[in-house]
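*Asks:* Just a sequence and a predicted model for now, questions to come.
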Amino acid sequence: MTTYIAFCPIGILATNEQRKPVSFIAFPNNAKKRADEIENCLKKTISDLEKKIISQIKDKEIIFEIKKEGYSHEFPNMSGDYLRTNTAEIARTNNIVKSKTELNQLFHETTTELTVRKMRISIGNDKLLMQAINTTDELTKQINTMTMRIREWYGYYFPEIIERINDNEKLAKYISETLYRTDIKGIDVEESMGANLAKEDLEEIQKYAKKIIILAEEKRELEKYIEKKSTQIAPNTTQIIGAPLVARLIAHAGTLKKLAGFPSSTIQIIGAEKALFRYLKGSGTSPKHGLIFQSTFIQRAPKQSRGKMARTLASKISIASKMDYYKSSDKVGAKYKTDLEELLKKEIAKKPQHQHQGKPTFQHKNKGINKNKQSFDNYNNKFKKNKKFGKKKFSQKKR
Amino acid sequence: MAITGVSQFGKEYCTKNMTPGKKVYDEKIIRRSGGEFRVWDPTKSKLGAAIYKGLRNVPIFNGMKILYLGISTGTTASHLSDIIGADGLIYGVEFSSRSVRDLVPLSKKRKNIIPILGDARTPENWTHLIEKVDLIYEDVAQPDQSDILIRNAKIFLKKGGSVMIAIKARSINVATNPMEIFANERKKLETYFTISDAINLNPLEKDHIFFVAKVK
């Protein structure tokens, strides 16, 4: 004889092969304790209440609805089916609830408690990393717009210095520290073409400049934090492509788990979805690289071998992220990095196989006029065609 | 033919607010002698869109139990909750913890919505939390959403129960013609259900189709 065991928020039920209930144990009458018991029952080991019901049955073959150590399981099983069909009846006969409303309330309380508990543990380090990298992007934008404003504003008073200092943070520092015009190499204050502003006007600009400095500092600290977090959760991947890019990839995938689940071809074009779907719909070429273009491995590579570089890099990231997610003890980051460096060197040393088929230079024209004239015409025709084609597509899309 | 629990004022379809004075999303509120009514926004809810496009055979009644796969923040579910009343129950399964964060406060106001953080693809992980239901509503936008529905229906649907499903062609395949995809999905669903209504949600939702079906 076989016995089937399943549970739901009211308790654990065992049925025999004929789908008849044999034994039932109710969970404690309190939402929190009930949630504890359900969490125990979800574990792979047998919980106390399950032990109790097993001892009551005295049957050798027991089939659970979820995976349990030392027992077989079947989903959905007979007991679970019975329990889900006759929940109200079982609850009433066992004096757990008196009415339908009470049963609904019981389900509501228990499940909400369990969901809230799950929510608490659902936020991992990767989510924090994602917020941090998005914040740095926003801060960069913010600092740029604020400096643009201050350049215009302080420019009324001292336009010469605005042209002299290109670095945003340095300019903000200068304004907040000196405030009034000072002599700098090559700039004579006496000859400045700026307007003479009153102290109260300048002080407002100074306040704004101080905010820029604070933001820039915050950004720098955040970058350090990203570096730390990234090496903590994905050491191998960080070693290959650096913390900011790891953070961006994780932010795009959602979690490190998802990134580790991606095939390398997906990692290669993460961030180039627009181009990819344009290609899939029949116009345009397939993208070679998405976010990973930010890696120096691809930027340093000669144009014709960037596709190859992107493919190799993506495959390395794919392996490394899997190792990071499953916490492998192997340290492959450094090895992969040297591998990629070697490949890059090889690619740079290679002479370009195909000459660039662009607009012919004057030298070409002098060598053989007819031949080159033809190619020039071809080029022009091609260009015109492409232009037309592009325009047509665009207007179609707009419609 | 009128739909149970849905009243029509002019062009707008409304459900009677279960929690008067409280809005769920930024919907319009109409006050009549019968009570307070919440206007069903067809651009925010796919079932709402289907009703605006002429769906009349909606298998909902007071006190029913619903399994809602992909409940998200509970926009559509709040109207279902109005219709089924305090005796009914909606088991809302959602995969994204961010959406559940907005759903849990709603479920505290409306006691007939139960939030479950889980994946519709793996019912093993949350089967123990629910009973058998009269209706399964699915809106998950996954490539295998028809298979997910059939699998869940086999486990959780009562005899004679019905299902509603909103299919998004673009999440199944971006390159093929939506009409082809709809025909394909219809064939898949008809292995287990008999489809009574099929409503194209254009232009309220692009490339979406809404099926209402019953178990064979």
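*Replies:* Good, I have the coordinates.

*Asks:* Can I get stretch A:221-231 in CSV? Just the C-alpha atoms.
*Replies:* Listed next in CSV are the C-alpha coordinates belonging to stretch A:221-231 (Å, rounded to 0.1, in the frame of the first residue of the first chain):
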residue,chain,number,x,y,z
GLU,A,221,32.8,57.3,-3.1
LEU,A,222,30.0,55.4,-4.9
GLU,A,223,32.5,54.2,-7.5
LYS,A,224,34.7,52.8,-4.7
TYR,A,225,31.6,51.1,-3.3
ILE,A,226,30.8,49.6,-6.6
GLU,A,227,34.4,48.3,-7.0
LYS,A,228,34.1,46.7,-3.5
LYS,A,229,30.7,45.2,-4.0
SER,A,230,31.5,43.9,-7.5
THR,A,231,34.6,42.1,-6.4
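
*Asks:* Other residues contacting that stretch?
*Replies:* With Cβ atoms under 8 Å, 6 or more residues apart in numbering or on different chains as the contact definition, stretch A:221-231 has outside contacts at A:125, A:128-129, A:132-133, A:135-136, A:139, A:238, A:243-244, A:246-247. Just so you know, the C-beta spots here come from the backbone N, C-alpha and C atoms, and that holds for glycine as well.

*Asks:* Scan those and report the most crowded one.
*Replies:* For the contacts of stretch A:221-231, neighbours were counted using other Cβ atoms under 10 Å in any protein chain shown, and residue A:246 has the most, 32 neighbours in all.

*Asks:* Kindly list the main-chain dihedrals of it?
*Replies:* Reported as degrees, to the nearest 10, the phi and psi values for residue A:246 are phi -60, psi -50.

*Asks:* same thing with residue A:329?
*Replies:* phi -80, psi -10.

*Asks:* Neighbours of it, how many?
*Replies:* Residues near residue A:329, counting by other Cβ under 10 Å, number 5.

*Asks:* next one: the one 5 residues further on
*Replies:* Burial measure for residue A:334: 11 neighbouring residues, criterion other Cβ under 10 Å.

*Asks:* Excluding chain neighbours, give the residue nearest to it in space.
*Replies:* Setting aside the residues directly before and after it, residue A:334 is nearest to residue A:239 in space (Cβ to Cβ, 6 or more residues apart in numbering or on different chains), at 6.0 Å.

*Asks:* mind exporting the helix or strand where that neighbour lies as PDB, just the C-alpha atoms?
*Replies:* When elements are defined using DSSP states H and E, residue A:239 is found to belong to helix A:235-241. Below are the C-alpha coordinates for helix A:235-241, written out as PDB (Å, rounded to 0.1, in the frame of the first residue of the first chain):
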ATOM      1  CA  PRO A 235      35.300  38.400  -8.400                       C
ATOM      2  CA  ASN A 236      36.200  36.600 -11.600                       C
ATOM      3  CA  THR A 237      34.100  38.700 -13.900                       C
ATOM      4  CA  THR A 238      35.300  41.900 -12.300                       C
ATOM      5  CA  GLN A 239      38.900  40.900 -12.900                       C
ATOM      6  CA  ILE A 240      38.200  40.500 -16.600                       C
ATOM      7  CA  ILE A 241      36.100  43.600 -17.500                       C
END
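
*Asks:* The residue nearest the centre of chain B: which element?
*Replies:* Within chain B, the residue whose C-alpha comes closest to the C-alpha centroid is residue B:137; the distance, by Cα atoms, centre = their mean, is 4.2 Å. Secondary structure here is read from DSSP H and E; on that basis residue B:137 sits in strand B:133-138.

*Asks:* ok, then the element right after that strand?
*Replies:* Sequence order places helix B:145-156 as the next helix or strand after strand B:133-138, per DSSP H and E.

*Asks:* Any buried residues in that following helix, and which?
*Replies:* Of all the residues in helix B:145-156, those buried under the rule 16 or more other Cβ atoms under 10 Å in any protein chain shown are B:145, B:146, B:148, B:149, B:150, B:151, B:152, B:153, B:155, B:156.
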